[in-house]
Every structure is written in C-alpha cells, then in structure tokens.
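Novice: Okay, predicted coordinates and the sequence, questions at the end:
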Amino acid sequence: FLQGENFCFDLMAAKKARFSSQPSSVFNRDDGAPRGQKKDGELVARHIDVLEFAAARAREMKAMETAIRSSTGVRRVHQTLPRHMRRRSTSYNVKRLPIRLRAAGQREMAENPPLPPGAKKGRRYRRRHRSLQAEYAGRSRKYKWLETHIWHAKRMHMVTLWGHRLGLRRCDRGARSSHRSVLRACLLHDASYLQCYELTGPRASLTTFLSSLLTPFRLSTTEYTAELAIAGRHVGPVRVAIAPSPNPARLRVWLWVHPAITPELATLKPPPGITISQIALNRFELRGTTATHVARRAIVLDPDHPNAAIWAALASPRAVDQLPAGAMLGLAAIDPRLFTPSSPDSTSALPPGLAARLRSLVTAWPATAAESTIWDAAARAVPITPLQSIYLRRSQRLVPGALPPQPSDARVPLLLVQREGARRGLGSDAGSTAPAGYGSGWDVVVPAAWGRPVWLALVWAGAHAAGLMERAAVQLELGSPAGPADWFGTPAFERHWAEWTATHLAAHLRRPPAKRPSFDLLGILQPFTCDWLRAAVAAAEGRTVETPMPAAITVAQFRRTDPAALAPNQFVFVRVRMSQRGLVGPTAMLCIPSADDLTLFAASRAAQPRHLPKVRSEPYAGPVLPARGTGGPTFRTVVGYLTSAGFSQARGEAYGLGFISACALARLPRDSAFAPASARAMPRAPAPASASSAGWLVLARDQHSTQYRVAVIEG
C-alpha cells in the first residue's frame, strides 16, 4: 500500500516539475526548488505517515464522532427521526424510540423530567377570571399597567415608556382620523399615567414653599400650568389644582406630574409641617366639538348633587369654549355599569333659557363649583360595587335595559376640568380647516378602580380612543409641547433625546451602507441628535457660551427683551411653518439664510437652495466646533433644531416646534420684507399681511435631505 501511494506521489511530482518555472508559491518549496525536486533536478517522492496524520487529528475525529452520536442544536432526539417515523408519544415515552436512540432519549428525560400528572392546569382553568387576574398581576410588576390596559392591548400597538405600558397608536385608524375626530367628533385619551401628588399643610407655609418651586403660583379656583424648578434647575411643566377647603388655615394642593420628571421630584424635601403623598387617580382627556355631549351621555349625575344645575346649564356643545381656562366642576355620578350603551344622539333639543344661564356662568364662575367628595381620601376609598352583583340584578329583570339605581350602589366622585383650545383658527390662509376652539374639551378625573367602567361608558357614548401618537398630533396642531421632547433644558429632555439617538442610530447601523443615508456626504456631524452647544456657539459670534442651558423663553418674551441683554446660551421656543412644499421631522436643522438665499427668495419662494454634498475634511472631535462647518460652499450656519415636526392637517403644510438661539433670531430677516414678491409667486392664497409681518425667515433642512426649505417662524 505504501509503495503504491509513493508511486502516485512520484507521478504527481513529475507533473509539477514541468511547471517549475511558474512564479506561484504553490509549486515552490522553502528552499526555492519546486516541490518534489531537488536543486539539481532529481525528483523526490512525497508521502505522508498515516499513523502520524491520524494522531495529529485524533481530537478533531473524536469531536466529530461525538457530534454525530449526540443531538445538536435545539432539536431533541425524537425530532431527529425521519418524518415517517415520528410520533407524538415518543416525546415522553422512550420505548417508542429506535434502540440506537433510546440511550440519548433517556439522558434527555433525566435532564428534563416530565411534569407530574395534574401539575399543568387545563386551558379552562387557566382562562378563568381569577387565574387571568393573577397572571396580569404578575406581568404588571415590572411595568405598570393602566386600568384600561387590556382594552388598549387588544386595539393598539403597545410601547414601554416612563415605566408604563402605554398605547402608542391605534391599529384601525390613521393619522388623519385623529384630526377629523377633534374637528367633528370627540377624541378620547387615557392620561392616567400622569401622577398626582397631594401637598397638605398650613396655608402660609405651603404657599411659601410652592412659591419657591412653581412659576407662577397663585391661589386660584381653576387648574393652571406652572413651571417646576428644583434646586435652581428647570424640571418641567406641572398642572396645579387647589382644593376648596372649609378651613382657611389649611391648604390642599394637587400637582399633576408627568412620569418623566418623577426622578427629580423624588429628591424634593418638604419643610416640617408639609406632607407630600401620591394618590391613585384616573384622568381621561376629551377633545373635540362633541366632548360635552359625550360627557353628558356617559355621566349620569346624581340629581341631589348641588352642582347638577351648573352641569345642566352646560348642555350647549360650544359651552366648553366659553368657560374660563381650567375651570373645575365637581360632580357625583351614578355607576355607569347600570346603564346599557346606546347609539350617540346629538339632535336632542336644548332646554329654554340656556344662553342666559351660560352667560352668567361665563362672567362669574362659582367659587364652589369645584367642591366634590373626590378631594376626600375616605370617599375615594369606598369600594366599588362588584360586577357580578350587577350581572345578577340584570338577569333578574323581566325587561332588559337600564337598572334603577339603589341607595346601596356606590356613587362615582369625579372632577371635570375644562381644557382650552385654539383661541383663533389654525393656519395662515383662508383654507384652514380648524376653527377657533379647536382642541378644547374636558378632563375627567375619577378615583382608582373606576377607570375601566368610566372609560367604557365614554367609548360607548361615541368617543374615539387615541394613543400617544394621536395625542401628539393634536398637540402639534395646537402648537403646544406634547412631552419631554419639547421641554428644553430639563433632565427629562436630555434623557429623552439620549434614548432617541441610541435607538435611531442602532436602527441606522443595522442597514447596509448602500441602503442608508451617508451622513458624511450630507455634512451631518451628529446624526439623530440636536447639538445645542454647537448651535449656540455658532450664533454667539465669539461670545463665551456657558452650560447648562437655561430654560427657553417664548417669542412674546423675546419681543419684550433687548437682544443685547440676553445670554449667548439663551434659546427661544418657536413655531415654524413651511413657506412652500416640503416635509421635515424631528432633529431638522434651522439655519440662517445667506445673502444669495435672500436674493433668490425675493424673486420666488419656489426657488430654494440645496446643500452640495462633500465629504467633511476632519471627523467630529468634540462638542465645540467652528461656527461654520466644512460641508461645502452652500453650508449654512445651524442655529437651532426642531424637536416636534410633521404634516399639519389643519394647515395643509409642514409644521414644527423647536428652539432657536436668541442671538440668531435677532439677526434673521423679517418675512414682511418679502411679502409682496412672494405673494405674486405663491401658487395658493397668500397669508394675510398681519400674519406675514409678524414672522422671521429661516431655512429648515432635514438631516436625511440636501434640500433647504424656506420656512417662517411665527410671531
């Protein structure tokens, strides 16, 4: 055998000798001679020692033998059989396996013994109400569930935010439906993730303590929004409601806090004599023209309540628009589960004399209107009537329908809070589809355990449920901040954008280079983020910029302040609309137009500049960069960013909220200087002169695009 093998190697060496002149290293030995041949041309036989070859690879052969005999991957032994030999009983009966596989099957059975008989409950047992409630309680330990979680999970895409499981968007409705619901019907959102903190103490001490935290703070009979600051740093907006108290020496205040700023609130240390406690309440937001009608159908008042006459005077659909902003009305309702749902009906006649009673309420809102048992902890702790007893009473009725309330039935203490809408029509042209009062409605506050019954009653009354995305779209139409993404300079703002950047950057890197935008060519130094420090440095023109950034001011405050007196790191909250076509999103850049841009824009607003792609010369090395980048000759100075942006259904154009440096805003050209020429070039109806003259011109560019869009900052 060895002689035959050596003979074969001699033939191969002879063939290779013919190609010894080729330079390939395959035919060369270490000493420079062709393989199988000495330097003098004599052929040398090549051979291997079989025993040495096998000993050198004994470990590999043993590993291969072990892999063949044992099951690999996640497949068990009975799953390695051919399909025609597989039986379901072999998964627990080893004797049904072939003899060659029984030993491996017994080892698997020893590692994972089967459950004893009766250990796994049947489906009928697992689907019982008690079993489901126990399962839901275990699943909701890590992330808090709202009382309407099961209803939302069946109809919405769920997301984990701020320690809660919340509905992101509906599965059966699109973006335009939320606008139509607010315009013609009623939009319902479960805002029970907002946390309510109750502060009680002596009136003088509590007033002094809250005056140092809230800006502004006032003793009012209406609910209002104030800015919270802890340890000298801006934290975020909160809703303030002061409870009516018969004792003038004591004061009770409710603070509705977003869960994103809860970590900062946990560090708050009240002075002696003041207690802070968190109470469990549910809060539902009703927005739209039929919000009052939906609330009246879902809430059947107790006729003996003192505020029943006030609620009867608010029967007009547009009455909520005329009330004072944040007006509170305390009521007590009958259990909504006693009534059967019916189809919405908005054609019922209004009682006579309604206008006169409504006029008296608008001019002088009663100071006792907010009185309700919901302010009392003992009244909120009254147990709810079991649903099984209601089903039993309904089954005993001969005629199906609503159940008559009994004295033993629990009453629902609730609080209605008026929410102000748009003071004037949205949009700058006559084609706006949102009239004055758009987005107004009621906030319904009920105690814990009453969330699901009241929610179902509101849905059956004709309200359209909405998730976080639909609510954010309505807030964008109103031009109001929707969440931590628009709270500039707060810790919640920084945490939100850090998470946003990490999420979108990871999704960007998962794509191949040919299927994702090249930010090097686009000249974007920090994609998926807003570099506020670089924008402040670019607008400051050599002035020193300090960190952290202070809270942003509004355009109205900017108009009343001398620009030279503002700090270089001061930003202004602005509302931006596109002058022509174009859609921008969050993290879009706001840039100062150049002289050539203004000349081009004066001729026609349709002519908009572009960014010429060019690879930047040096990578980003730190937070502080020169005022102008190296993206090419058409690179504009970035002085701000948009934090919330999208297409506005009411305006028919792109609209966004953002922040721009106060130093740059003082240098921007006014829109009134280009109103005549732009009005002749615009294909649609131009904006009124009063609206156009109040704005500033700016260039907006999305990070994924090379197109600069001409935009107007509303004044």
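Specialist: That came through, no problem. Bear in mind that the values here come from a model prediction, so they are computed numbers and not experimental data.

Novice: Can you check the distance spanned by stretch 85-95, start to finish?
Specialist: End-to-end distance of stretch 85-95 (C-alpha to C-alpha, to the nearest Å): 13 Å.

Novice: Ignore what I typed, I meant stretch 160-168.
Specialist: 9 Å.

Novice: swap in stretch 558-568?
Specialist: Using C-alpha to C-alpha, the two ends of stretch 558-568 sit 13 Å apart.

Novice: Report the buried residues of that stretch.
Specialist: 558, 566-568 (16 or more other C-beta atoms under 10 Å). C-beta coordinates here come from the backbone N, C-alpha and C atoms, glycine included.

Novice: Closest to Pro586 out of the residues you listed?
Specialist: Phe558 (22.8 Å; C-beta to C-beta).

Novice: For the closest residue to the closest one other than its chain neighbours, give the beta-bridge partners.
Specialist: Counting by C-beta to C-beta, 6 or more residues apart in numbering, Val572 is the residue found nearest to Phe558 once chain neighbours are left out, at 5.0 Å. According to DSSP bridges, the partner residues bridging Val572 are Ile553, Ile660.

Novice: so who does Ala381 touch?
Specialist: Under the criterion of C-beta atoms under 8 Å, 6 or more residues apart in numbering, Ala381 has no neighbours.

Novice: per-residue confidence for the residue nearest to Phe558?
Specialist: Listed pLDDT for Val572 reads 96.

Novice: Tell me how many other residues crowd it.
Specialist: Val572: 24 surrounding residues under other C-beta atoms under 10 Å.

Novice: In this structure it contacts Ala552, no?
Specialist: Yes - using C-beta atoms under 8 Å, Val572 is in contact with Ala552, at 6.2 Å.

Novice: Give the residues shared as contacts by the two.
Specialist: Phe659.

Novice: Now do the helices in the stretch 601-715 of the chain.
Specialist: With DSSP state H, counting those that start in this stretch as the definition, the stretch 601-715 of the chain shows helices at residue ranges 662-665, 675-681, 689-692.

Novice: wouldn't Trp365 be in contact with Thr221 here?
Specialist: Yes - contact criterion C-beta under 8 Å: Trp365 and Thr221 qualify, at 7.0 Å.

Novice: Count the residues that sit near Val238.
Specialist: The burial count for Val238: 21, using other C-beta under 10 Å.

Novice: Could you pull up the residues touching His179?
Specialist: 473-474, 477, 649-650.

Novice: and the buried residues of stretch 558-568, which of them are in helices?
Specialist: Phe558 (DSSP state H).

Novice: Can you tell me the element Val240 falls in?
Specialist: strand 233-242 (DSSP states H and E).

Novice: Mind listing the strands that strand pairs with, and their directions?
Specialist: With DSSP bridges as the test, strand 233-242 pairs up with strand 224-230 (antiparallel), strand 250-257 (antiparallel).

Novice: I'd like the average pLDDT over the longest one.
Specialist: Looking at strand 250-257 alone, the average pLDDT works out to 96.

Novice: which residues are contacting that strand?
Specialist: 194-203, 206-207, 210, 228, 238-243, 245, 265, 283, 375.

Novice: Output the contacting helices and strands for the helix or strand following it.
Specialist: Downstream of strand 250-257, the next assigned helix or strand under DSSP H and E is helix 262-265. Judged by 3 or more C-beta pairs under 8 Å, 6 or more residues apart in numbering; DSSP states H and E, helix 262-265 is in contact with strand 224-230, helix 491-509.

Novice: Give me the contact list for the longest one.
Specialist: Residues from elsewhere that reach helix 491-509, judged by C-beta under 8 Å, 6+ apart: 233, 235-236, 258, 260-261, 263-264, 483-487, 516, 527-530, 586.

Novice: Report the buried residues of the helix or strand following it.
Specialist: Per DSSP H and E, the first helix or strand lying C-terminal to helix 491-509 is helix 519-522. Residues of helix 519-522 classed as buried: 519, 521-522 (neighbour count, 16+ other C-beta under 10 Å).

Novice: And stretch 150-165, by the same measure?
Specialist: Buried-residue list, stretch 150-165, by 16+ other C-beta under 10 Å: 151-152, 156, 158, 161-162, 164-165.

Novice: Sort out for me which of those residues are in strands.
Specialist: Mapping the buried residues of stretch 150-165 onto strands (DSSP state E) picks out 156, 158, 161, 164-165.

Novice: Could I get the contacting residues of the residue most central in space within the chain?
Specialist: Centroid check for the chain by C-alpha atoms, centre = their mean gives Leu468 as the closest residue, at 6.1 Å. Going by C-beta under 8 Å, 6+ apart, Leu468 touches 159, 161, 166-169.

Novice: repeat that with 6 Å
Specialist: Leu168 (C-beta atoms under 6 Å, 6 or more residues apart in numbering).

Novice: Flag the shaky bits of this structure, pLDDT-wise.
Specialist: 1-46, 69-73, 341-351, 425-433, 604-607, 611-635, 672-694 (pLDDT under 70).

Novice: now Phe217, what's its secondary structure?
Specialist: What DSSP: H, G, I helix; E, B strand; the rest coil gives for Phe217 is coil.

Novice: how near is it to Ile274?
Specialist: Per C-beta to C-beta, to the nearest Å, Phe217 is found 14 Å from Ile274.

Novice: just Gln79 next, same as before
Specialist: Gln79 is 66 Å from Ile274, by C-beta to C-beta.
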